[in-house]
Each structure stands twice: as structure tokens, then as C-alpha cells.
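Chemist: next one to model:
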Amino acid sequence: MARNHRFGPFGAIAALACAGVLSWSVPAASQTLDVPQPWIKYAQLVGRQFQGWLEQDNDSTKQLHRYIDERLQNADAYALPPTIAIRAWIGADGTVTKVEFDSLGDESADASLRKLLTGHALPERPPADMLQPLHVRVGVVPNPQAQGS
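Modeler: Next up, the predicted model:
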């Protein structure tokens, strides 16, 4: 059986909200009920950019995807797909300065995820009045299109 060289038989990560590899539920600032539209648009931009960074073909993404593949392959059939809640701080210049998330259960995978998401400039600066950290929820689900590929 041929494997998808980037994501293994489960595809490691598939989209829920965005087409692509990552799934997003992106509350721009869940601290308030009335989230300003510019914050929502910016959160969507950040989600798409995080998705792009997590789809890159480099050692860090390969290591993270291998870990996620293994985790999905060894998961109980009835287990809910894992979700990673990421808190991201973005500098005034649009650079992701810091991310925090609960451990994935593997120091190396944690380091890979942190490396992939920090220190990079986003295509736009954040709205000046946007509350931080920005909350991004990444759902990790099997990619049915990668099954058996």
C-alpha cells in the first residue's frame, strides 16, 4: 500500500473549517460576545497562515506529522479527534512572538509545533485594539482522502 509521504495513511491533519490540512475554529477574542469584525477577519488570516506553515515540507513539519500520524493510528476507535488550543501573541509588526498550548505529550512534537508557529511575520499587522492572546483551535482529524494513498 502506498503512503501519502507527508501525512501517512491517516493524512495526519484534515480541514474542518478551511480547505487544506488543518481544521480551525477560530474565536478571535472569545473574551467578549461582540467580537469586532476586523478581529474575526484577522483571526481567519492567522488561521490560514498557521495552516500554511504547518503544511510546509521541512523537517519540523515532517516530525510533527509523524507524531500526529502515530497518535491517530494508535487512538481508540471511539476517541474524539485531538484538538490543540493555541494562544498566540502577535507583535505590532505582525510577527508571531509567542505561542502557548497544552503539551501534545511529546517534547519533540511540542518543540516542532512551537518552532513552526513562532518568529514568522504574518502578511498583515494585527488590529491595534485587538485583545491578545489570539485563541486558535486546531482540530486534528484523519484525512479520508489520504486513506490508502
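Chemist: please report the distance of G94 from L45.
Modeler: Computed as Cβ to Cβ, to the nearest Å, the G94 to L45 distance reads 10 Å. Placement of C-beta: from N, CA and C, glycine included.
Chemist: what residues are shared contacts of the two?
Modeler: Here G94 and L45 have 122-124 as joint contacts, going by Cβ atoms under 8 Å, 6 or more residues apart in numbering.
Chemist: so which of those residues are in strands?
Modeler: Nothing among the shared contacts of G94 and L45 maps onto strands, per DSSP state E.
Chemist: for those, give me JSON lines that also has pLDDT.
Modeler: Converted to JSON lines, these look like this (pLDDT from 0 to 100):
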{"residue": "L122", "pLDDT": "97"}
{"residue": "P123", "pLDDT": "96"}
{"residue": "E124", "pLDDT": "97"}
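Chemist: name the nearest of those residues relative to I68.
Modeler: Nearest to I68 among the shared contacts of G94 and L45, counting by Cβ to Cβ, is L122 at 23.6 Å.
Chemist: ramachandran angles for that closest one?
Modeler: Dihedral angles phi and psi of L122 (degrees, to the nearest 10) take the values phi -80, psi 160.
Chemist: I figured it hits W89, correct?
Modeler: No. Using Cβ atoms under 8 Å, L122 is not in contact with W89; the gap is 11.9 Å.
Chemist: show me which of these two is the more surrounded one.
Modeler: A direct count of neighbours by other Cβ atoms under 10 Å for L122 and W89 places L122 higher, at 19 against 15.
Chemist: skipping adjacent residues, who's closest to the more buried one in space?
Modeler: G94 (4.3 Å; Cβ to Cβ, 6 or more residues apart in numbering).
Chemist: equivalent analysis for P127, please.
Modeler: Spatial nearest neighbour of P127, excluding adjacent residues (Cβ to Cβ, 6+ apart): P38 at 4.6 Å.
Chemist: where do the strands sit along the chain?
Modeler: With DSSP E as the criterion, the chain has strands at 23-25, 83-90, 96-100, 134-139.
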